[in-house]
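>>> Sequence plus the predicted model coming up.
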Number of protein chains: 2
Amino acid sequence: MGLLVVGSVAFDSVETPFGKADNVLGGSATYFSTAASYFTGVQLVAVVGNDFPDKHIQFLKRRKIDVRGLQRTKGRTFRWKGRYDFDLNQAHTLDTQLNVFASFNPQLPEAYTETEYVFLANIDPELQLEVLRQVKQPKLVACDTMNFWIERKPRELKKTLKHVDILTINEAEARQLAQESNLVRAAKRIMSFGPGIIIVKRGEYGALMFSDSSVFSAPAYPLESVFDPTGAGDSFAGGFMGYLASVDSTDESSIRQAIIVGSVMASFDVEDFSLNRLKKLNTADIEDRYNAFKQLTYFEDL
Amino acid sequence: MGLLVVGSVAFDSVETPFGKADNVLGGSATYFSTAASYFTGVQLVAVVGNDFPDKHIQFLKRRKIDVRGLQRTKGRTFRWKGRYDFDLNQAHTLDTQLNVFASFNPQLPEAYTETEYVFLANIDPELQLEVLRQVKQPKLVACDTMNFWIERKPRELKKTLKHVDILTINEAEARQLAQESNLVRAAKRIMSFGPGIIIVKRGEYGALMFSDSSVFSAPAYPLESVFDPTGAGDSFAGGFMGYLASVDSTDESSIRQAIIVGSVMASFDVEDFSLNRLKKLNTADIEDRYNAFKQLTYFEDL
């Protein structure tokens, strides 16, 4: 088993209608591995600059995240600056500084190459494929992407998708990738590119899972205060993959449970800036909210 | 028991990316009572002009809808013309001709005044209240409204809401009525105006029900072809109230089932123009889709 993630470790500066946070720990692989760490060991593949403080490394280690795959390179760490307005579903990017990420060449430590559960966070599809090539016999490969890659590297993305079992993707980007406005048909189209399962992320509207035999709808947890949506998608993926790796199962029942676990982790993530809420959870918090999702969706037969 | 609805009976002209329909039977009370008629008898209160063909009256009668409260007045029937683009959640009104609806003065036949389940479709809140005054001892009053009344008659609307148990309302309009962007807080705010239950309609994202003790999330049914969303909200309300009247219960378990029944009826409505799909359903169709909603949302405990 084991769970490997390749993605970004970053400093984020975020403004929302409810406050702001400057140069806080962020990045897709950070959110993913922190969320997943409540369920399983995580092997992290990413790059940071020599400005990356040791306290963050220590934090990851305390969460039992394997950082042997975290390269430290001369230069500055990846930085992202963004703003959310009252429509918290939509991030407005103000500034992106790739820095050391621009020349990232992911190399897996030998110990990582036997890993069975793999998540390719939203990075260049060529790098995603490069990581996949180094994993010997993955049991389940999930992948995320975004409009930037759909527009700039559609061919490379489709090449990567051939080797992917599950694609997680935002709703608008699913329509864009499939060039189809109806979501059911868009999901079918994307399945024809390779992945057997498409998980469409819909922000405050939850997630929809499509496979060739079924559809599953998961709500988002209705929160009275959504503080900062940054990292929600990666926290979702971390809970989702972390749960699947922990039960070592990819059957439909487990996939559905994993989608709810992912939704639980995303709902915690958005309650505070950066990893502030995600890093201080315990098992009871997670179980309680899972049960709240059960209550939220339950209805009797006719 | 019994179920009473006051609202519009209209001719609609609708264009969607998938086709168009001219001067077809529409109106909130028409959609509502057709959907509800699969579950219970319906008493209709509305007005039409002398251009309203007898075949439509015969159709309503065949569906066992009591039309003694359907006034026929000199003049033309209410007409609405609208367009939907690929974002089928948003109707663009091209033309509204109130015609006989402009001087509508709803008078309940004596036989209607004992009715226990009442739905006030989206009309002038003063008319809604006028109808309510004529009902002797309603057991459950539900009501719909829209931005037009929120903007033009906020005081009158709030006066009506004092006497309402359940408000069904679109998401954006819930935010507008409450003057609050967070939906959970918006629902609480609206509850303070009177209704103990708020059902927020979210189009292709389903519905959220808020009460003082719980929240329930119902998905929309993912359809490969949504043909025409006109009437979806009223079909939802018809299935919802029709089911509650048929089981004569307002407990939470029944409310949740009724929300799914409403979602089932809305999902059928959008599959064709006008009432084309709604009018040719049978019990098995409805039960099958209810079970499909169960399958769509089911996940195991952890």
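Received the coordinates, thanks. Numbers count the residues shown, from 1 in each chain, chains lettered A, B, ... in the order given.

>>> need the longest helix for chain A.
The residue-count maximum for a helix in chain A (DSSP state H) belongs to helix A:252-269.

>>> List the buried residues for it?
For helix A:252-269, burial by neighbour count (16 or more other Cβ atoms under 10 Å in any protein chain shown) applies to A:254-269. The way it works is simple: take the backbone N, C-alpha and C, and place the C-beta from them, glycine included.

>>> Looking at these, which is nearest chain B?
Set against chain B, the nearest of the buried residues of helix A:252-269 by Cβ to the nearest Cβ is residue A:256 (4.1 Å).

>>> List the contacts of the closest residue to chain B within the stretch 1-150 of chain A.
Closest residue of the stretch 1-150 of chain A to chain B, Cβ to the nearest Cβ: residue A:86 (4.6 Å). Residue A:86 makes contacts with A:17, B:181, as judged by Cβ atoms under 8 Å, 6 or more residues apart in numbering or on different chains.

>>> Residue A:176 against residue A:147, yeah?
Yes. Between residue A:176 and residue A:147 there is a contact at 6.0 Å, judged by Cβ atoms under 8 Å.

>>> Run through who's touching stretch A:216-224.
A:202-209, A:255-256, A:259-260, A:263-264, A:266-267, A:270-271, A:289, A:292-293, A:296-297, B:182-185, B:206, B:208, B:215, B:217, B:219, B:222, B:296-299.

>>> Also stretch A:123-131?
With Cβ under 8 Å, 6+ apart as the criterion, stretch A:123-131 contacts A:4, A:6-8, A:28, A:45, A:104-106, A:108, A:118, A:120, A:143, A:145, A:149, A:153, A:156-157, A:159-160, A:163.

>>> Now the buried members of the residues you listed.
A:4, A:6-8, A:28, A:45, A:104, A:106, A:108, A:118, A:120, A:143, A:145, A:149, A:153, A:156-157, A:159-160, A:163.

>>> Please list which of those are also close to chain B.
Applying Cβ under 8 Å from any Cβ of the partner chain, the subset of the buried ones among the contacts of stretch A:123-131 adjacent to chain B is empty.

>>> Can you list which of these are found in strands?
Within the buried ones among the contacts of stretch A:123-131, residues falling in strands by DSSP state E are A:4, A:6, A:45, A:118, A:120, A:143.

>>> My read is that the last one contacts residue A:164, right?
Right, residue A:143. Yes. With contacts defined as Cβ under 8 Å, residue A:143 counts as touching residue A:164 at a distance of 4.4 Å.

>>> Residue A:250: helix or strand, and which one exactly?
Under the criterion DSSP states H and E, no helix or strand holds residue A:250.

>>> do the same with residue A:14
strand A:10-16.

>>> Just checking the next helix-or-strand element following that strand against chain B, any contact.
Downstream of strand A:10-16, the next assigned helix or strand under DSSP H and E is strand A:19-26. No. Figure legend: strand A:19-26 not in contact with chain B (Cβ under 8 Å from any Cβ); closest approach 14.9 Å.

>>> Could you look up the SS state of the residue most central in space within chain A?
In chain A, the centroid-proximal residue (Cα atoms, centre = their mean) is residue A:234; its distance is 2.4 Å. What DSSP: H, G, I helix; E, B strand; the rest coil gives for residue A:234 is helix.

>>> Close to chain B: what parts of chain A are there?
A:86, A:181-185, A:202, A:204-206, A:208, A:214-219, A:222-226, A:253, A:256-257, A:259-261, A:287, A:290-291, A:294-302.

>>> In helices, which of those residues fall?
Those of the residues of chain A next to chain B lying in helices (DSSP H): A:183-185, A:253, A:256-257, A:259-261, A:287, A:290-291, A:294-297.

>>> Of these, which is the nearest to residue A:278?
Using Cβ to Cβ, residue A:261 is the member of these that lies nearest residue A:278, at 13.3 Å.

>>> I figured that closest one hits residue A:237, correct?
No. With contact defined as Cβ under 8 Å, residue A:261 does not reach residue A:237; the gap is 10.8 Å.

>>> what's the spacing between the longest helix of chain A and its chain's center?
The chain centre lies 12 Å from the centre of helix A:252-269; the measure is Cα atoms, centre = their mean, to the nearest Å.

>>> How about the contacts made by the residue nearest to residue A:30 when sequence neighbours are not counted?
Nearest non-adjacent residue to residue A:30, counting by Cβ to Cβ, 6 or more residues apart in numbering or on different chains: residue A:9, 5.1 Å away. Residue A:9 is in contact with A:25, A:27, A:29-30, A:44, A:46-48, A:52, A:56, A:70, A:77-78, counting by Cβ under 8 Å, 6+ apart.

>>> so what pLDDT did residue A:9 get?
The score at residue A:9 is 98. That number is its pLDDT.

>>> Roughly how far does it sit from residue A:227?
Per Cβ to Cβ, to the nearest Å, residue A:9 is found 22 Å from residue A:227.

>>> circling back to that earlier point, which PyMOL command selects the buried ones in the residues of chain A next to chain B?
Only the buried members of these enter the following PyMOL selection, criterion being 16+ other Cβ under 10 Å:
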select buried, chain A and resi 182+183+184+202+204+205+206+208+215+216+217+218+219+222+223+226+256+257+259+260+261+290+296+297+299
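
>>> My read is that residue A:178 contacts residue A:191, right?
No. If you go by Cβ under 8 Å, residue A:178 and residue A:191 don't touch, sitting 9.5 Å apart.

>>> Low-confidence bits of the stretch 151-300 of chain A, can you list those?
For the stretch 151-300 of chain A, no stretch is flagged by pLDDT under 70.

>>> if we can go back for a sec, who does the longest helix of chain A touch, helix- and strand-wise?
Where contact means 3 or more Cβ pairs under 8 Å, 6 or more residues apart in numbering or on different chains; DSSP states H and E, helix A:252-269 is packed against helix A:28-36, strand A:207-210, strand A:215-218, helix A:232-247, helix A:283-297.

>>> if we can go back for a sec, looking at residue A:178 and residue A:191, which is more packed in?
Between residue A:178 and residue A:191, counted using other Cβ atoms under 10 Å in any protein chain shown, the more crowded position is residue A:178 (22 against 18).

>>> Next, the contact list for the more buried one, please.
A:185-187, A:189-190.

>>> Check the gap between it and residue A:295 for me.
Distance from residue A:178 to residue A:295, by Cβ to Cβ: 34 Å.

>>> ok, now residue A:40?
Using Cβ to Cβ, residue A:40 is found at 26 Å from residue A:295.

>>> Same question for residue A:79.
In terms of Cβ to Cβ, residue A:79 sits 40 Å off from residue A:295.

>>> Could you do residue A:12 as well?
Taken as Cβ to Cβ, the span from residue A:12 to residue A:295 is 33 Å.
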